[in-house]
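Colleague: make a model of this:
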Amino acid sequence: CCPAGAPGGGGGATMRTPLGALLGGGALPRRSVLAELYDAYLRGEGSGGGPISDDQALRVAAVMSCVRLIAATVGSLPLHVYRRLPDGGKERQPTNSLDRVLNAPNRWQTPIEFREQLTAHLLLRGNAYAYVSWVRQVGRSGDQVDRVVELVPLHPDLVEVEQADWQSAPRYYLRRRTGGRLELPADEVLHIRGLSTDGVVGRSVLADARETLAVALDTQRYASRLFRNDATPGVVLRHPGRLTEPVAKRLRESWDEVHAGEARRTAVLEEGMTIERLTLSAEDAQFLETRKFQRAEIAGLYMVPPHLIGDVDRSTSWGTGIESQQIAFLTYTIRPWLVRWEQAIRRVLLVADQTYFAEHLVEGMLRGDTKSRYDAYAIGRNWGWLSVNDIRAYENLNPVPNGDVYLQPLNMVEAGAPADPPDPEADPARTAARRAHELALAAATARVLRPQDVFILAPWSQKETIEACVEAFLRVPASIHLGAERIL
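Modeller: The predicted model follows:
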């Protein structure tokens, strides 16, 4: 298989039709090939998944909250193709054919819809499948290359995976509405596995946790019936005497007529009557605690912080601040699913050229408050690993001219490199102190030298260094030296 992610390419394109050969031989038009895929895109009739289906599980509020939170987060993160550089860096490949497909997977789904759907399959069924549509094209060098042009999601209930022995690759079969199975080549199925114990298929959360989900469903159904058919009165009017049935009926009707459905209205009680408000019984309170426990238990199945799905009654151990909780959520909940996506893409779609890889951008999830971000930018800028344009890119701003310069602190040198000698003239304070010291030394020397020798020091106040004075003295004729004695 040629590089799926090699950039460029052109020339005529012919579509590979292994599906057509399996359906009866010969080349079939693309519309006929995709007809079977559209059947697999929607779940077929009679495609049950066990005691609890995904539709039933999603009726549990906690399951829906967890699946929607993780699937929407994974689907909304940018996903791009990069090329590994020889120096260890990376470079984004916006013109890469696979990068375009990841951002436009098919004709009827946006990127977030496609990845959100497959992530939901992964969370519920433990497996996510997509049909990979390849096109063979003539590359720039004239060679035939295969490139991905479309990704079609397949429902896990309609895909069967078999492995003949532990050394052979898995084989994929698509269940057809008309009966029978259609074998799909392994390089035409993007298979993302969840937790697996056999290395072939992922384990279904609905199957592994069916008792937990069944209890949550039964509790939810019981609560629905309880509140729908509940005949418990909100208040009880207590009369000291015995009321006949007509009097009690008339009292009830008059009370409801005046007070039912009204708030903050004054009630007038006669003949010694008292009012009592009914509260939750111990059984009702225990029932509510059971539902809260089930919500936290389901959150644990998906490694979701309870406070993110509305369970805020308990203190969280996911961090003390919003930023810490966000980092913990990304690290323990989201990152494993992102890695599964990236490695599956590289295994199936980029197998021929390992210099290319897909990676999500998660910096947006790590954004702190404005002050924290600006403090971090200042540290990175002052210590030289961030430029002005790097910072502007993090803030989603356009670059500015000359904004790619990296600073280096003056007191920092490479490890093992000798430091440059300091320039005394660069520091005015040190220069003035040195000058004063030299003048004091010259005055002390003049008191012990002969007059002709003092001639050397006389012009020193106008010279920069003592070396210059000596050099000037040596250039003066001897007759002038003698005359200096009379001058001094």
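
Colleague: mind checking the SS state of R136?
Modeller: For R136, the assignment made with DSSP: H, G, I helix; E, B strand; the rest coil gives strand.

Colleague: what sits opposite it in the beta ladder?
Modeller: Taking DSSP bridges as the rule, R136 bridges to T14, D146.

Colleague: any idea how far L118 lies from T197?
Modeller: 21 Å (C-beta to C-beta, to the nearest Å). C-beta: built from backbone N, CA, C; applies to glycine.

Colleague: same question, R225
Modeller: Taking C-beta to C-beta, one finds R225 at 38 Å from T197.

Colleague: which residues of the stretch 1-150 of the chain score low on pLDDT?
Modeller: 1-51, 138-142 (pLDDT under 70).

Colleague: show me the helices in it, by range?
Modeller: Ranges of helices in the stretch 1-150 of the chain, per DSSP state H, counting those that start in this stretch, are 18-23, 30-41, 54-57, 61-76, 97-102, 111-125.

Colleague: under the pLDDT cut-off, which ranges of the stretch 301-450 of the chain? List them.
Modeller: By pLDDT under 70, the weakly predicted segments of the stretch 301-450 of the chain are 313-323, 352, 367-369, 413-431, 442-450.

Colleague: what ranges do the strands span in it?
Modeller: For the stretch 301-450 of the chain, the strands defined by DSSP state E, counting those that start in this stretch occupy 356-360.

Colleague: tell me where it has helices.
Modeller: So, for the stretch 301-450 of the chain - with DSSP H, counting those that start in this stretch - the helices run 322-329, 335-348, 370-382, 388-394, 428-446.

Colleague: dump these to TSV, plus mean neighbour count.
Modeller: Below are the helices of the stretch 301-450 of the chain laid out as TSV (neighbours: other C-beta atoms under 10 Å):
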stretch	mean neighbour count
helix 322-329	16
helix 335-348	17
helix 370-382	13
helix 388-394	17
helix 428-446	12
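
Colleague: so how many other residues sit close to V135?
Modeller: Using other C-beta atoms under 10 Å, V135 is surrounded by 17 other residues.

Colleague: list the residues that contact T73.
Modeller: Contacts for T73 were tallied using C-beta atoms under 8 Å, 6 or more residues apart in numbering; they are 334, 365.

Colleague: how does it look with 7 Å?
Modeller: If you count contacts by C-beta atoms under 7 Å, 6 or more residues apart in numbering, T73 has them with I334.

Colleague: equivalent analysis for I70, please.
Modeller: Counting by C-beta under 7 Å, 6+ apart, I70 has contacts 119, 123, 302, 304, 333-334, 337.

Colleague: can you tell me how far it sits from V101?
Modeller: Applying C-beta to C-beta, the value for I70 to V101 is 23 Å.

Colleague: more neighbours: L118 and T197, which one.
Modeller: A count of neighbours by other C-beta under 10 Å puts L118 above the other of L118 and T197, at 26 against 8.

Colleague: contact partners for that one?
Modeller: L118 is in contact with 128, 130, 153, 192, counting by C-beta under 7 Å, 6+ apart.

Colleague: count of neighbours near the residue lying closest to A393 once chain neighbours are set aside?
Modeller: Once flanking residues are discounted, A393 sits nearest to P399: 7.2 Å by C-beta to C-beta, 6 or more residues apart in numbering. By other C-beta under 10 Å, the residues close to P399 number 13.

Colleague: give me the element the residue lying closest to R176 once chain neighbours are set aside is part of.
Modeller: Spatial nearest neighbour of R176, excluding adjacent residues (C-beta to C-beta, 6+ apart): L182 at 5.7 Å. Taking DSSP states H and E as the criterion, L182 maps to strand 181-184.

Colleague: packing partners of that strand?
Modeller: For strand 181-184, the packing partners by 3 or more C-beta pairs under 7 Å, 6 or more residues apart in numbering; DSSP states H and E come out as helix 18-23, strand 171-175.

Colleague: quick one: strands adjacent to it?
Modeller: Strand pairing for strand 181-184, using DSSP bridges, gives strand 171-175 (antiparallel).

Colleague: got the CA positions of stretch 204-214 in PDB?
Modeller: The C-alpha coordinates for stretch 204-214 follow below in PDB (Å, rounded to 0.1, in the frame of the first residue of the first chain):
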ATOM      1  CA  SER A 204     -18.400  -3.700  25.200                       C
ATOM      2  CA  VAL A 205     -19.200  -1.500  28.200                       C
ATOM      3  CA  LEU A 206     -22.900  -2.400  27.800                       C
ATOM      4  CA  ALA A 207     -22.100  -6.100  28.100                       C
ATOM      5  CA  ASP A 208     -19.600  -5.800  30.900                       C
ATOM      6  CA  ALA A 209     -21.700  -3.500  33.000                       C
ATOM      7  CA  ARG A 210     -25.100  -4.700  32.100                       C
ATOM      8  CA  GLU A 211     -26.100  -5.400  35.700                       C
ATOM      9  CA  THR A 212     -25.200  -1.900  36.800                       C
ATOM     10  CA  LEU A 213     -27.000  -0.400  33.800                       C
ATOM     11  CA  ALA A 214     -30.000  -2.700  34.400                       C
END
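
Colleague: list the buried residues in it.
Modeller: Of the residues in stretch 204-214, 204-206, 209-210, 212-213 count as buried by neighbour count, 16 or more other C-beta atoms under 10 Å.

Colleague: quick check: the farthest pair among the residues you listed?
Modeller: S204 and T212 (13.2 Å; C-beta to C-beta).

Colleague: now do stretch 385-398: distance from first to last residue.
Modeller: By C-alpha to C-alpha, to the nearest Å, the extent of stretch 385-398 from end to end equals 19 Å.

Colleague: what's next to that stretch, contact-wise?
Modeller: Here stretch 385-398 has contacts from 363, 377, 380-381, 399-400, 403-406, using C-beta under 7 Å, 6+ apart.
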